[in-house]
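Peer 1: Coordinates only, no sequence provided:
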């Protein structure tokens, strides 16, 4: 069973809090960012939403109700600012906004708020980590594939850092919202072996300076629904584990 907060009435929400002991808010976090010539600007948000939907079904089987909150669909996206359609907010703005959302959901009666982030720019991750500082681990957490525990389970492309709108992300979108992928363009794209993580470690923080003139790295032409589902299962497990471990600390 999946509950989407934005589609529920006020009475629906009240009944959920009355009926269940553990009600968790699952808050998708993403970005509005260029993702090559074949994927939409909201790719990161779509991935967070899809992983959360799968995780919510698993949590329900463990008697934990996950309410899926409307996404925070703008993020710290400074690396891609030179590419059309990208919009960035400051880390301070994102952190304050998310911190207030967490506090509001807890005041509403939620046991826990889990941030689920799939926009992996360092500034975004740091802002979300900072947003958690006012809360105990029992009340708020961050599920992110940047954590080594989960990164090592994902694809080789992801681990190499050549994964911006490449095979990894394209596969995830093919498995969840295939109609938004421009497959005619996808299959013509040549692999680009540029590691975002290596560039960032070296202080290169702009896609154009990195050589990502079309906004992608990796090999989107090799993306498959099967790989997308396998990665999505790992992301869902990441969320379920993050939530259940946090609740056990209460």
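Peer 2: Right, received. Where do you want to start? Fair warning: this is a prediction, and the values are worked out from it, not measured in the lab.
Peer 1: and the longest helix anywhere in the chain, average pLDDT?
Peer 2: Taking DSSP state H as the criterion, the chain has its longest helix at helix 225-248. Mean per-residue pLDDT for helix 225-248: 97.
Peer 1: Which residue ranges of this protein form helices?
Peer 2: Along the chain, the stretches classed as helices by DSSP H are 10-19, 43-61, 91-108, 122-131, 148-151, 156-160, 167-176, 183-186, 196-201, 207-210, 225-248.
Peer 1: Go through the ones you listed and pick out the most buried.
Peer 2: helix 167-176 (a mean of 25; mean count of other CB atoms under 10 Å). Where you see a C-beta, it was placed from the backbone N, CA and C, and this is true even at glycine.
Peer 1: Out of the helices of the chain, which gets nearest to residue 116?
Peer 2: helix 43-61 (4.8 Å; CB to CB).
Peer 1: tell me what the closest one is packed against?
Peer 2: Using 3 or more CB pairs under 8 Å, 6 or more residues apart in numbering; DSSP states H and E, the elements in contact with helix 43-61 are strand 23-29, strand 65-68, strand 112-117, helix 167-176, helix 225-248.
Peer 1: helices or strands up against the last one?
Peer 2: Using 3+ CB pairs under 8 Å, 6+ apart as the contact definition, the elements that helix 225-248 packs against are strand 23-29, helix 43-61, strand 112-117, strand 140-143, helix 148-151, helix 167-176.
Peer 1: what would these look like in JSON lines with mean pLDDT and distance to residue 7?
Peer 2: Shown next, in JSON lines, are the helices and strands packed on helix 225-248 (pLDDT from 0 to 100; distance: least, CB to CB, whole Å):
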{"stretch": "strand 23-29", "mean pLDDT": "97", "distance to residue 7": "14"}
{"stretch": "helix 43-61", "mean pLDDT": "97", "distance to residue 7": "13"}
{"stretch": "strand 112-117", "mean pLDDT": "98", "distance to residue 7": "18"}
{"stretch": "strand 140-143", "mean pLDDT": "98", "distance to residue 7": "22"}
{"stretch": "helix 148-151", "mean pLDDT": "96", "distance to residue 7": "29"}
{"stretch": "helix 167-176", "mean pLDDT": "98", "distance to residue 7": "18"}
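Peer 1: want to throw the ones you listed into CSV with distance to residue 96?
Peer 2: Output for the helices and strands packed on helix 225-248, formatted as CSV (distance: least, CB to CB, whole Å):
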stretch, distance to residue 96
strand 23-29, 14
helix 43-61, 20
strand 112-117, 14
strand 140-143, 15
helix 148-151, 27
helix 167-176, 28
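Peer 1: looking at the ones you listed, which is closest to residue 99?
Peer 2: Of the helices and strands packed on helix 225-248, nearest to residue 99 by CB to CB is strand 140-143, at 9.1 Å.
Peer 1: Select, out of the helices and strands packed on helix 43-61, the one closest to residue 53.
Peer 2: Of all the helices and strands packed on helix 43-61, strand 65-68 comes closest under CB to CB, at 6.8 Å.
Peer 1: and for that closest one, what are the contacting residues?
Peer 2: Here strand 65-68 makes contact (CB atoms under 8 Å, 6 or more residues apart in numbering) with 2-5, 8, 13, 16, 20, 22-26, 28, 49, 52-53, 55-56, 59-60, 110, 243.
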